[in-house]
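Peer 1: please work out how this folds:
(2 chains)
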Protein chains: 2
Amino acid sequence: MKSFSDYSALVEKSLRDLRLPSGALSTLYEPIAYALSAGGKRLRPTLCVMAADAFGAKEEEAYRPAAGLEMFHNFTLLHDDVMDNSDVRRGRQSVHAKWDVNTAILSGDTMLTLATQLVSEVPDDKLRKVLDTFNDMAIRVYEGQRLDMDFENSDNVTIDDYIRMIMDKTGALLGGSAMIGAIIGGASDKDASKMYEYGMMLGVAFQIQDDWLDVFGDSTTFGKPIGGDINNNKKSFLMLTGLAMETAEAKALRDAISLPAGDTKVKVMTRLYEKLGISDKCRAAIASYSSKAITALKGTSLDDEAREPFRKLVEKLTGRKK
Amino acid sequence: MKSFSDYSALVEKSLRDLRLPSGALSTLYEPIAYALSAGGKRLRPTLCVMAADAFGAKEEEAYRPAAGLEMFHNFTLLHDDVMDNSDVRRGRQSVHAKWDVNTAILSGDTMLTLATQLVSEVPDDKLRKVLDTFNDMAIRVYEGQRLDMDFENSDNVTIDDYIRMIMDKTGALLGGSAMIGAIIGGASDKDASKMYEYGMMLGVAFQIQDDWLDVFGDSTTFGKPIGGDINNNKKSFLMLTGLAMETAEAKALRDAISLPAGDTKVKVMTRLYEKLGISDKCRAAIASYSSKAITALKGTSLDDEAREPFRKLVEKLTGRKK
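Peer 2: You can find the predicted model right below:
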C-alpha cells in the first residue's frame, strides 16, 4: 500500500518530466518553470493520482492530468501574489517580484491553458466529465478569491461567510482533484462526488490549520513569517472566531486590530487569542471537518485498505507543522 | 445568402441571451457583463457561426461556442489593457480603470474558464477537436502578446518578426474561430485547416489595416485617438517598414522617434510616413495577405456561393474605416 509520500514522489518526478516549450519565448515559459520548481506539498496532483489508483486506473494514466492540477494551482498563486502584493512565495521571490507584474499575469494565463490541456489528456469517454469538473472547480476558486478580496473591505463577515469562502477558494480545488482522479479511475458518479466531498472537507480543515499555523506555528518549519495574517488584519478563522465572542478579551481584540503592524501587535493579539481559547476552537473545527472528510470517504465503495491512504492524509495534514 | 452583418446580428442577440451568474458575486461578474456589452465588430464569433453554417451546422449549434470565442477575446482585452496600461477601450473606461487592476485580473481569469466552458458546448464527438483547437489557439495568442511586449525593449525587430507576432496575437484567434466553426459544421480535417489558414491570413491583413488606421484613420470613426502608436513608439507595420528603408526621410524618421509624445510628433512622423510611401506599402501588404486568405478559401470544398460571405468579409475588413 503506497503512502502519500510515495505518490507525491511519483508526482514530483512526472512534474520534472513535463516539457515546456522554450527557446525564443523564454520570457513566457521560464517564469512557469520557475514557479513549478518551487516544490511545495504537491497536495492536489498527489490527491488526484491517489484517487485514480484507488479506483483502478493504470499507474501513469493520471500523471499528466494531475500535473495539470498542480499547474492550475500555481497559476492561481501567480495571480494571487500580484493581487495580494506578496513578494515572497515558498521562501523565494514570487514571479512578479522576480520579473514583473505583466509577466506574472501573462505567464499565469498561459498556465491556465496549459493546465486545461494537461487535464484533458484522458481517454475520450472521460473527457467531458473531467473537463466539466475542472472548469466548475476553477470557477469556484475564482469566486472564493473574489469573496476573500471583498471580505477585506467588509465589517460584518461571519464565520459562515468565511467557511463558504474557503470551501470555494481551497476546498473546491482539493475536491476537484480527488474527483478528477476518481473519474480517471473509472469511479461511479456517486463515488466520484463522494471523493469531491472528501477533498472539499479536507480542504476546509487544511485551511483552518493554515490560519492556525500563521499565528501559532514556527516560522522555520512553516516557511513564512508568523503573524502575517495578524499584521494584514486578515479575516482569518481565528480573528472571526474572536470577534464573534462577547468577553472583555474579545473587546480588547477588537481594539488591538487598530494597532500598527509590527511585532507588538502580533504579540498582543496572539496573547488575546490564547486567553480567548481560540486555539481550542481551531482544533475543534479542524476535527469536525476532518470527520466530515472521513464520513464522505466511508460513503464511497472503497474498501478499508483502499481508504487507508486518504484517512492517513487527513491525519497528516491536520497535524502538520508546515 | 446571409451577409456578415446578418450573422453578426444573430451573434449579438445570442451574446445578450448569455446568462452570467450574478447576485452575491456581482464584484466578479459585473465587470464581465460590462466588457461584453461594449459591442465591437463581434468578428470572431461571427466568423465561427459563418463557418459552421457554410459547412452545414444547424443554425443554433455554433452560438454558444461562438460566444465563448468572444468571451476569450474580451478576456485578452481585460488583461492586455492592464499590461499596456490602457484606460480606454471602445470609447469607455477599460475594466481596470473603472474598477481596479485586481478586478481586471480576476474577472479576466474567470472569463477564460467561462470561454472554455462555452466552447465545449459541442457534441461529444466534436469535443476533442474543438477543445484542442481552442487551447492551441490560446497558447499562440499568449505567445503573440509576449512577443509584442518583448519587441518594446528590442532595437532589431524586423518586419518578419512583426508578421510572426501578429500571426500569433491576432491571426491565430481568427483562424481558430473559423476552424472551430468548420469543425462544428462537420468539415473534413483538410477543410477545417484551410479555414484556419483563411482566418489567419485575414487576421494579418486586418492587423496591418489597424496599424494603418492608427495613423491615417479618422478618430471619430476609428473609435480611438489617431497617432497612439506613434506616441507610444509602437513597432507597428508602418514604423518597421520605414525603419527598414535607407533614404534621407528614413533617417529623419529614426530621429523623429526620440521626439516627446504629442501632436507635433504625430504630425512630423505622419508626414515622413507619407513621403516614404508607407501607405502604399501597407496597401500592398494588405492586398497580399487578403489574397492569401482567398487562396486558402478556394482550397476548401466549399462552392462559390458558400464562399461568398467569406470573400466579402475580406473586402469589408480591409476597406474599413474603423
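
Peer 1: look at the residue nearest to the spatial centre of chain A and tell me its secondary structure.
Peer 2: Centroid-nearest residue in chain A: A:Thr170, 4.5 Å away (criterion: C-alpha atoms, centre = their mean). Here A:Thr170 is recorded as helix under DSSP: H, G, I helix; E, B strand; the rest coil.

Peer 1: hang on, it packs against A:Gln209?
Peer 2: No - at 10.7 Å, A:Thr170 does not count as touching A:Gln209 under the criterion of C-beta atoms under 8 Å. Bear in mind the C-beta positions are built from the backbone N, C-alpha and C, glycine included.

Peer 1: list residues touching both of those two?
Peer 2: Shared contacts of A:Thr170 and A:Gln209 (C-beta atoms under 8 Å, 6 or more residues apart in numbering or on different chains): none.

Peer 1: for the residue nearest to the centre of chain A, give me its contacts.
Peer 2: Applying C-beta under 8 Å, 6+ apart, we find A:Thr170 in contact with A:Gly144, A:Gly203, A:Val204, A:Phe206, A:Gln207.

Peer 1: what is the burial count for the nearest residue to A:Glu249 once chain neighbours are set aside?
Peer 2: The shortest distance from A:Glu249 to any non-neighbouring residue, by C-beta to C-beta, 6 or more residues apart in numbering or on different chains, is to A:Lys275 (4.7 Å). Residues near A:Lys275, counting by other C-beta atoms under 10 Å in any protein chain shown, number 15.

Peer 1: what lies in contact with the host helix or strand of A:Met165?
Peer 2: A:Met165 belongs to helix A:159-166 when assigned by DSSP states H and E. The contact list for helix A:159-166 (C-beta under 8 Å, 6+ apart) reads A:144, A:147-148, A:151, A:203-204, A:207-208, A:235-237, A:240-241, A:244.

Peer 1: adding distance to A:Lys126, write those residues out as JSON lines.
Peer 2: Formatted as JSON lines, the contacts of helix A:159-166 follow (distance: C-beta to C-beta, whole Å):
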{"residue": "A:Gly144", "distance to A:Lys126": "26"}
{"residue": "A:Leu147", "distance to A:Lys126": "31"}
{"residue": "A:Asp148", "distance to A:Lys126": "32"}
{"residue": "A:Phe151", "distance to A:Lys126": "37"}
{"residue": "A:Gly203", "distance to A:Lys126": "23"}
{"residue": "A:Val204", "distance to A:Lys126": "27"}
{"residue": "A:Gln207", "distance to A:Lys126": "29"}
{"residue": "A:Ile208", "distance to A:Lys126": "33"}
{"residue": "A:Lys235", "distance to A:Lys126": "39"}
{"residue": "A:Ser236", "distance to A:Lys126": "38"}
{"residue": "A:Phe237", "distance to A:Lys126": "36"}
{"residue": "A:Leu240", "distance to A:Lys126": "40"}
{"residue": "A:Thr241", "distance to A:Lys126": "42"}
{"residue": "A:Ala244", "distance to A:Lys126": "44"}
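
Peer 1: widest-spaced pair of the residues you listed?
Peer 2: A:Gly203 and A:Ala244 (22.3 Å; C-beta to C-beta).

Peer 1: higher neighbour count, those two?
Peer 2: Neighbours were counted for A:Gly203 and for A:Ala244 using other C-beta under 10 Å; A:Gly203 has more, 29 against 11.

Peer 1: do I have it right that that one meets A:Ala178?
Peer 2: No - under the criterion of C-beta under 8 Å, A:Gly203 is not in contact with A:Ala178, lying 9.6 Å apart.

Peer 1: and A:His96, what does it touch?
Peer 2: Applying C-beta under 8 Å, 6+ apart, we find A:His96 in contact with A:Leu78, A:Asp81, A:Val82, A:Asp87, A:Thr103, A:Ala104.

Peer 1: chain B contacts on the stretch 51-200 of chain A?
Peer 2: Contact residues, the stretch 51-200 of chain A versus chain B (C-beta under 8 Å from any C-beta of the partner chain): A:79, A:82-83, A:102, A:105-106, A:108-110, A:112-114, A:116-117, A:120, A:124, A:127-128, A:131-132, A:135, A:138-139, A:142-143, A:145-147, A:149-150.

Peer 1: and if we set it to 6 Å?
Peer 2: A:79, A:83, A:102, A:105-106, A:109-110, A:112-113, A:116-117, A:127, A:135, A:138-139, A:142-143, A:146, A:150 (C-beta under 6 Å from any C-beta of the partner chain).

Peer 1: pLDDT score for the residue nearest to the centre of chain A?
Peer 2: Predicted confidence (pLDDT) for A:Thr170: 97.

Peer 1: can you give me the strands in the stretch 1-150 of chain A?
Peer 2: Here the stretch 1-150 of chain A has its strands, by DSSP state E, counting those that start in this stretch, at A:88-89, A:92-93.

Peer 1: where does A:Phe277 fall, phi/psi-wise?
Peer 2: Actually, residue A:277 is Gly rather than Phe. Phi and psi for A:Gly277, reported as degrees, to the nearest 10, are phi 70, psi 30.

Peer 1: do you know how far it is from A:Arg283?
Peer 2: Using C-beta to C-beta, to the nearest Å, we find A:Gly277 at a distance of 10 Å from A:Arg283.

Peer 1: what about A:Lys224, which SS state?
Peer 2: coil.

Peer 1: hmm, back to that, export the contacts of A:His96 to JSON lines and tack on pLDDT?
Peer 2: Listed next are the contacts of A:His96 as JSON lines, based on pLDDT from 0 to 100:
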{"residue": "A:Leu78", "pLDDT": "98"}
{"residue": "A:Asp81", "pLDDT": "96"}
{"residue": "A:Val82", "pLDDT": "97"}
{"residue": "A:Asp87", "pLDDT": "92"}
{"residue": "A:Thr103", "pLDDT": "98"}
{"residue": "A:Ala104", "pLDDT": "98"}
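
Peer 1: looking at the residues you listed, which is nearest chain B?
Peer 2: A:Val82 (6.4 Å; C-beta to the nearest C-beta).

Peer 1: which residues touch the closest one?
Peer 2: Taking C-beta atoms under 6 Å, 6 or more residues apart in numbering or on different chains as the contact definition, A:Val82 lies against A:His96, A:Val101, A:Ala104.

Peer 1: can you name the residues that contact the last one?
Peer 2: Spelled out, it's A:Ala104. Listed by C-beta under 6 Å, 6+ apart, the contact set of A:Ala104 reads A:Leu78, A:Val82, A:Val95, A:His96.

Peer 1: quick check: which ranges of chain A have low pLDDT?
Peer 2: Residue ranges of chain A with pLDDT under 70: A:22-24, A:222-223, A:321-322.

Peer 1: residue most distant from the centroid, it?
Peer 2: Distance from the centre of chain A peaks at A:Ala248, with 34.6 Å (C-alpha atoms, centre = their mean).

Peer 1: quick check: that residue vs chain B, distance?
Peer 2: As judged by C-beta to the nearest C-beta, to the nearest Å, A:Ala248 and chain B stand 35 Å apart.

Peer 1: same deal with A:Val95?
Peer 2: To chain B, A:Val95 is 13 Å away according to C-beta to the nearest C-beta.

Peer 1: for that residue, give me its contacts.
Peer 2: So A:Val95 contacts A:Pro31, A:Ala35, A:Leu78, A:Ala104 (C-beta under 6 Å, 6+ apart).

Peer 1: and the second one, how many neighbours?
Peer 2: Neighbour count of A:Ala35, defined by other C-beta under 10 Å: 26.

Peer 1: can you map out the helices along the stretch 151-300 of chain A?
Peer 2: Taking DSSP state H, counting those that start in this stretch, the helices of the stretch 151-300 of chain A run over residues A:159-166, A:172-184, A:189-216, A:219-222, A:228-231, A:237-243, A:248-256, A:263-275, A:278-298.

Peer 1: out of those, deepest packed?
Peer 2: Mean neighbour count (mean count of other C-beta atoms under 10 Å in any protein chain shown) peaks for helix A:172-184 among those, with a mean of 30.

Peer 1: what's it in contact with?
Peer 2: Under C-beta under 6 Å, 6+ apart, the answer for helix A:172-184 is A:44, A:47-48, A:51-52, A:55, A:57, A:61-62, A:69, A:122, A:126, A:129-130, A:133, A:137, A:140-141, A:191-192, A:195-196, A:198-200, A:202-203.
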